[in-house]
Each structure stands twice: as structure tokens, then as C-alpha cells.
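> here is a sequence together with a model predicted from it:
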Amino acid sequence: MQVLIRTTALTIAAAMALPSFAGVWQDNFENEGLDDWEIFNFAPGVESWEERTDEDGNGVLTGWIEQADSFSILELKPEGADPAQWNNYTVRVRARLDSELVGEFNTYFGLWLYSNIDRGIYHECYINPQIARAGTAGIWSRIGDSFGTFQRGQNFEQGVWYNIKASVETIDRNRDRITFQIDDNEPLVVTWASSIGSGGVGLVVYYGTVSFDDFELDGAFIPFDGAPNGGGALSVDPKQKSAQIWGELKSR
């Protein structure tokens with residue numbers, strides 16, 4: 001297993017400088033459809049992602065999966081784009097746990113960065129509000145045969161919106177640096193000793209119901225221009241890696 005290099009947040013925050021952003025993708029989920037998104041390994045009847053109007057009259061995206069020890073991922077895959085080539089980008093989104101926590105089953109939610117799911121490699125920035133133990137904010141990475149997790153204790157509440165910001169940067173073409181911040185808390189920063197190099201973006205929910213809003217992706221290689229985007233029905237993209245990935249996630 002390769003060695004991970006962990007860097008303090010203060011050092012990285014001072015030194016980190018992402019390239020000038022050339023493109024911005026935004027989606028406020030105002031019931032305009034989800035043609036630009038795809039569910040990974042879709043399992044009808046136990047998972048769903050849909051735009052809806054919340055109790056305050058705002059459009060939100062709600063993802064749910066009711067099968068214990070399972071996860072659902074919604075990937076951004078606009079027509080004509082190649083997410084596998086995206087790198088050095090920042091994602092911002094608001095997220096809220098809607099469902100109650102159930103017994104011993106973990107509920108996670110967050111973002112996948114540099115995601116190459118069919119190859120089983122990605123960086124994940126996640127919130128785990130589990131009441132059976134202290135809540136955590138964490139970064140989990142899998143690069144080839146190397147993987148590891150870094151986390152910090154933090155309390156999270158059901159029904160509260162959290163502002164999530166996550167950045168991934170490839171340094172010297174051979175290391176990935178991930179920065180994960182929730183609200184105004186100190187960022188959690190990890191630098192890998194190797195690199196995925198590029199990849200897509202996904203929203204993830206593990207066993208529960210979570211709402212997302214005000215999604216924004218910006219970076220030098222994001223070929224989009226500002227306005228909120230939407231479409232129609234979700235397409236289905238079944239893959240073969242989900243069982244292996246979930247086994248690794250459960251063991252962390």
C-alpha cells in the first residue's frame with residue numbers, strides 16, 4: 001500500500017492556489033429536469049433521485065436509498081462532455097439530512113471527486129452524522145490498490161442545511177490534494193503521494209434520504225457557462241464495480 005501524506009489545513013490553506021477558472025456549471029434544481037445527471041448502477045424500487053419543491057417553496061434535489069448497507073450515486077454527465085478529463089476543480093453544494101438515523105446502520109452523504117467509478121477509483125468527501133458514535137467529516141480516497149481515510153469529529157443535525165465546499169488539485173502531475181470544508185469550519189486537507197489525475201463529479205447518499213441544493217462546479221476544464229441547467233428523465237448506467245466498492249467503504 002502506498003503512503004499517504006497528510007498536510008495541516010493551515011499550511012495548505014495558505015499555499016493552495018487553483019488555476020483561473022474557465023467554466024462554471026450550476027444547477028439549482030428548480031424542477032427543470034435531470035437530463036444532465038445519471039444514476040450509477042440504478043436499482044429501481046430501492047433508490048431514487050428527483051427534483052422537488054421543499055417546505056419553503058424552493059427547488060431541491062432529493063436522493064434516497066432505503067436498502068441498508070447500500071449507496072446511491074448521481075453523476076454529472078452532460079451531453080457532449082467528457083467528465084473523465086475534468087481536473088483541478090471546486091464543487092460547492094448545500095446538503096441536508098432528511099431521514100432519521102436508524103440503529104446501527106451508517107448514513108453517509110457527500111461528494112465524489114475525480115470519480116472513475118467503472119475503474120473503482122475516486123476521492124470522496126463525506127459527512128457521517130451517525131448517532132451511535134461521534135459525527136465525522138472525512139475524506140476517503142481510492143487510487144489503484146491504495147486507499148485511506150482521514151476524518152475529524154464534528155456534530156451534525158437532521159434537518160439542518162450544511163454548506164459544503166470540496167476542491168481537488170493535481171500537483172506536479174503525480175499527486176492529488178483534496179480540500180474539504182463544511183460551513184466556516186477549518187478545512188480538512190489531504191495530499192496523496194500519487195494521483196488519479198482527472199475524473200467526474202457525483203453526489204452520494206448511503207442508506208437514507210438527503211436533499212441537495214445550489215450545486216456549482218467550476219474549474220479550468222469545465223466547458224460550461226454559468227446558467228442553471230436541467231433536463232428530463234434520468235438515464236440508467238449499470239456498472240459492475242458497485243459490490244467491490246461498497247465492500248471497501250464498509251471496511252473503512
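Nice, thanks for sending it over. Numbering: from 1, shown residues only.

> for residue 177, list each beta-bridge partner.
Under DSSP bridges, the beta-bridge partners of residue 177 are residue 169, residue 191.

> equivalent analysis for residue 151, please.
For residue 151, the beta-bridge partners are residue 138 (DSSP bridges).

> Validate this expectation: residue 118 resides in a helix.
Yes - per DSSP: H, G, I helix; E, B strand; the rest coil, residue 118 lies within a helix segment.

> what about it, neighbour count?
14 (other C-beta atoms under 10 Å). (Glycine included, C-beta is placed from N, CA and C.)

> list the buried residues for stretch 106-124?
Neighbour counts over stretch 106-124 (16 or more other C-beta atoms under 10 Å) mark 106-117, 120-124 as buried.

> and for stretch 86-104?
Those would be 86-93, 95-99, 101, for stretch 86-104 by 16+ other C-beta under 10 Å.

> again with stretch 142-157
Within stretch 142-157, the residues that count as buried by 16+ other C-beta under 10 Å are 142, 143, 147, 148, 149, 150, 151, 152, 154, 156.

> so which of these belong to strands?
Using DSSP state E, the members of the buried residues of stretch 142-157 that fall in strands are 142, 143, 147, 148, 149, 150, 151, 152.

> contact partners for the closest residue to residue 157 other than its chain neighbours?
Excluding the flanking residues, the one nearest residue 157 by C-beta to C-beta, 6 or more residues apart in numbering is residue 129, at 7.3 Å. Contacts for residue 129 (C-beta atoms under 8 Å, 6 or more residues apart in numbering) come out as 97, 101, 107, 135, 155, 156, 157, 158.

> rebuild those as TSV, extending it with distance to residue 81.
Listed next are the contacts of residue 129 as TSV, based on distance: C-beta to C-beta, whole Å:
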residue	distance to residue 81
97	30
101	36
107	31
135	35
155	37
156	32
157	36
158	35
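
> tell me the one of those residues nearest residue 71?
The nearest member of the contacts of residue 129 to residue 71, counting by C-beta to C-beta, is residue 107 at 10.2 Å.

> apart from its neighbours in sequence, what residue is nearest that closest one?
Nearest residue to residue 107, sequence neighbours excluded (C-beta to C-beta, 6+ apart): residue 208, at 4.0 Å.

> for the one you found, give its distance to residue 149.
Residue 208 sits 20 Å away from residue 149, going by C-beta to C-beta, to the nearest Å.

> cool, residue 138 as well?
6 Å.

> show me where the stretch 151-252 of the chain has helices.
All helices of the stretch 151-252 of the chain, identified by DSSP state H, counting those that start in this stretch, fall at 242-250.

> shaky segments in it?
Within the stretch 151-252 of the chain, the set of residues satisfying pLDDT under 70 comprises 223-252.

> doesn't residue 195 make contact with residue 173?
Yes - at 7.0 Å, residue 173 counts as touching residue 195 under the criterion of C-beta atoms under 8 Å.

> more crowded one of these two?
Neighbours per residue (other C-beta under 10 Å) separate residue 173 from residue 195, with residue 195 holding more: 19 against 7.

> surely that one meets residue 177?
No - Residue 195 lies out of contact with residue 177 (C-beta under 8 Å); the separation is 9.5 Å.

> need the overlap of contacts for these two.
Both residue 195 and residue 177 are in contact with 170, 171, where contact means C-beta under 8 Å, 6+ apart.

> distance of the spatially closest residue to residue 37 that is not a sequence neighbour from residue 42?
In space, and not counting its chain neighbours, residue 37 is closest to residue 74: 5.2 Å by C-beta to C-beta, 6+ apart. For residue 74, the distance to residue 42 (C-beta to C-beta) stands at 10 Å.

> ok, the two, which is more surrounded?
Under the criterion of other C-beta under 10 Å, the comparison of residue 74 against residue 42 puts residue 74 first, with 23 against 19.
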